[in-house]
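**Student:** turn this into a structure:
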Amino acid sequence: MNVLITGANGGLGTAVCQAFLATGATVMGVARAWKEPAPFLTISADVSTGEGCAEMAKRALEHGPLDALVHLVGGFAGGSPVSETSDQVWDGMMNVNLRTAFCEASGETANVVLPSIIDTPRNRATMPQAGVSRWVAPSSIAQVIVWLTTDAATDISGAVIPIYGRA
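**Tutor:** Numbers count the residues shown, from 1 in each chain. Next up, the predicted model:
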């Protein structure tokens, strides 16, 4: 199985790449930049632009047809009420969260996994006073994503799967 994973060097991306590697999949990870070598094929691309998406697709298809695309690129630059958010910050969030999905959308089946706050080092550093007991482990989300690419999930398309953490 050839799997292309955007946002592959983030907290969730790392867990998803590891989960697919454990299945024996050929993993191609996409990020704007790579700080360290990864145990899979890496593609550097800014997928918030059409040109970056085209370059990503071109590079990925050099390794054969794709069996799955996992879109994990996302970000949040909030902290202010929406009415006080600058156009630059708003446009940046829309590009990274919506344009990337639009540029990449072309699969036969598409499902959405909606996690609550993900337990990553970055989130812990950003929200040091928050209670982390209900935060979702990246590996839990990765298991659901991997399952969605298996034959067991062939008939699932258009699903929105909430992963909100432990009670």
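**Student:** residues contacting the residue most central in space within the chain?
**Tutor:** Centroid-nearest residue in the chain: Leu72, 0.9 Å away (criterion: CA atoms, centre = their mean). By CB atoms under 8 Å, 6 or more residues apart in numbering, Leu72 lies in contact with Ile5, Thr6, Gly7, Ala8, Gly10, Leu12, Gly13, Val16. For every residue, glycine as well, the C-beta is placed using N, CA and C.
**Student:** let's have those residues in JSON lines, adding secondary structure.
**Tutor:** Compiled in JSON lines, the contacts of Leu72 are given as follows (DSSP: H, G, I helix; E, B strand; the rest coil):
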{"residue": "Ile5", "secondary structure": "strand"}
{"residue": "Thr6", "secondary structure": "strand"}
{"residue": "Gly7", "secondary structure": "coil"}
{"residue": "Ala8", "secondary structure": "coil"}
{"residue": "Gly10", "secondary structure": "coil"}
{"residue": "Leu12", "secondary structure": "helix"}
{"residue": "Gly13", "secondary structure": "helix"}
{"residue": "Val16", "secondary structure": "helix"}
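**Student:** looking at those, which is nearest Met28?
**Tutor:** Ile5 (7.0 Å; CB to CB).
**Student:** and Ser140, how far from Ala110?
**Tutor:** Counting by CB to CB, to the nearest Å, the gap from Ser140 to Ala110 is 21 Å.
**Student:** actually Thr26, not the one I typed
**Tutor:** 21 Å.
**Student:** and for Lys58?
**Tutor:** Counting by CB to CB, the gap from Lys58 to Ala110 is 22 Å.
**Student:** pLDDT score assigned to the closest residue to Gly10 other than its chain neighbours?
**Tutor:** Excluding the flanking residues, the one nearest Gly10 by CB to CB, 6 or more residues apart in numbering is Leu72, at 6.8 Å. Per-residue pLDDT puts Leu72 at 91.
**Student:** do the same with the one 10 residues further on
**Tutor:** With respect to pLDDT, Val82 has a value of 81.
**Student:** which is the next helix or strand following the helix or strand of the chain at the bottom of the mean pLDDT ranking?
**Tutor:** Using mean pLDDT, DSSP states H and E, helix 100-104 stands out as the lowest-scoring helix or strand of the chain, at a mean of 68. Sequence order places strand 112-115 as the next helix or strand after helix 100-104, per DSSP states H and E.
**Student:** need the contact partners of that next one.
**Tutor:** With contacts defined as CB under 8 Å, 6+ apart, strand 112-115 is touched by Leu12, Val136, Ile141, Val144, Ile145, Leu148, Ala159, Val160, Ile161, Pro162, Ile163, Tyr164.
**Student:** right, I'll leave it there.
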